[in-house]
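Q: show me how the following folds:
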Amino acid sequence: MFNFPVSERLKSKKIIKQLFSKGKDEFVFPLKVKFILHQTPSSVPPQVLFTVPKRNFKHAVDRNAIKRLLKEAYRLNKHLLKDKAGNYKIATIGFVYIAKEKLPFERIQRKTILIFERFNEKTS
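A: The predicted structure is shown next:
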């Protein structure tokens, strides 16, 4: 339940391009989230991408630390994406961290939960 296997990581350049060109947006500071919905609900969890712009964080250690926080917040709360039948309506998700400073994990987690609740409102 609280895992984040490699199969859930979005690596396909074709799907990433499609996500950022045709995906829908959701915004809750400090996260901008792009997502694509399934045609029919699926039991397969969504593939996820995390990105932190180099423009805001010049050092790779800072970008990687923020990505670790984003991944942890996603991993702990991805069960909120399931509907009552245990299926996922979202196929792919891209998280873009847009803040200019590193925020505490509690705030990132709170905003991640808020985004997932918005997904549930939109897809139900």
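
Q: list the contacts of the residue most central in space within the chain.
A: What sits nearest the mean C-alpha location of the chain, by CA atoms, centre = their mean, is residue 95, with 4.2 Å. Contact analysis of residue 95 by CB atoms under 8 Å, 6 or more residues apart in numbering lists 31-33, 48-51, 70, 74. Yep, even glycine has a C-beta here, placed from its N, CA and C like the rest.

Q: using the three-state scheme, assign it.
A: strand (DSSP: H, G, I helix; E, B strand; the rest coil).

Q: if it is in a bridge, with which residues?
A: Beta bridges link residue 95 to residue 33, residue 50 when assigned by DSSP bridges.

Q: elements contacting the lowest-mean-pLDDT helix or strand in the chain?
A: Taking mean pLDDT, DSSP states H and E as the measure, the chain has strand 31-42 as its least confident helix or strand, at a mean of 91. For strand 31-42, the elements it packs on are helix 13-22, strand 24-28, strand 88-97, helix 105-123, judged by 3 or more CB pairs under 8 Å, 6 or more residues apart in numbering; DSSP states H and E.

Q: tally of neighbours for residue 75?
A: Residue 75: 16 surrounding residues under other CB atoms under 10 Å.
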